[in-house]
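# No letters, just coordinates:
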């Protein structure tokens, strides 16, 4: 069950052109890894598609 969840996001710097967006944004130039220690819920979809959520 542990493998079903994202617990980190890493950037493969070998394949990046830092002269192009979004990697030319200054804060991403030093980005290596984002560790996710808490639960996160994401809703995604095309623009114009309703994304309904309740708490």
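Sure thing, it's come through. Fair warning: this is a prediction, and the values are worked out from it, not measured in the lab.
# quick one: low-confidence parts of this structure?
Scanning the chain for pLDDT under 70 picks out 1-3, 51, 53-55.
# repeat that for 90
Along the chain, the parts satisfying pLDDT under 90 run over 1-18, 22-34, 36-55.
# give me the number of residues near residue 23?
14 (other CB atoms under 10 Å). No exception for glycine: its C-beta is placed from N, CA and C like everyone else's.
# if I look at the closest residue to it other than its chain neighbours, how far off is residue 37?
Nearest non-adjacent residue to residue 23, counting by CB to CB, 6 or more residues apart in numbering: residue 16, 5.3 Å away. Distance of residue 16 to residue 37, given as CB to CB, to the nearest Å: 26 Å.
# Quick check on the two: which one has the bigger neighbour count.
Using other CB under 10 Å, the more surrounded residue of residue 16 and residue 37 is residue 16, with 12 against 7.
# Next one: that one from residue 40, what distance?
From residue 16 to residue 40 the distance is 24 Å (CB to CB).
# these two touch, right, residue 18 and residue 29?
Yes - using CB atoms under 8 Å, residue 18 is in contact with residue 29, at 6.5 Å.
# Show me what the spatially most central residue of the chain is bridged to.
Closest residue to the average C-alpha location of the chain: residue 9 at 6.5 Å, with CA atoms, centre = their mean. Beta bridges link residue 9 to residue 34 when assigned by DSSP bridges.
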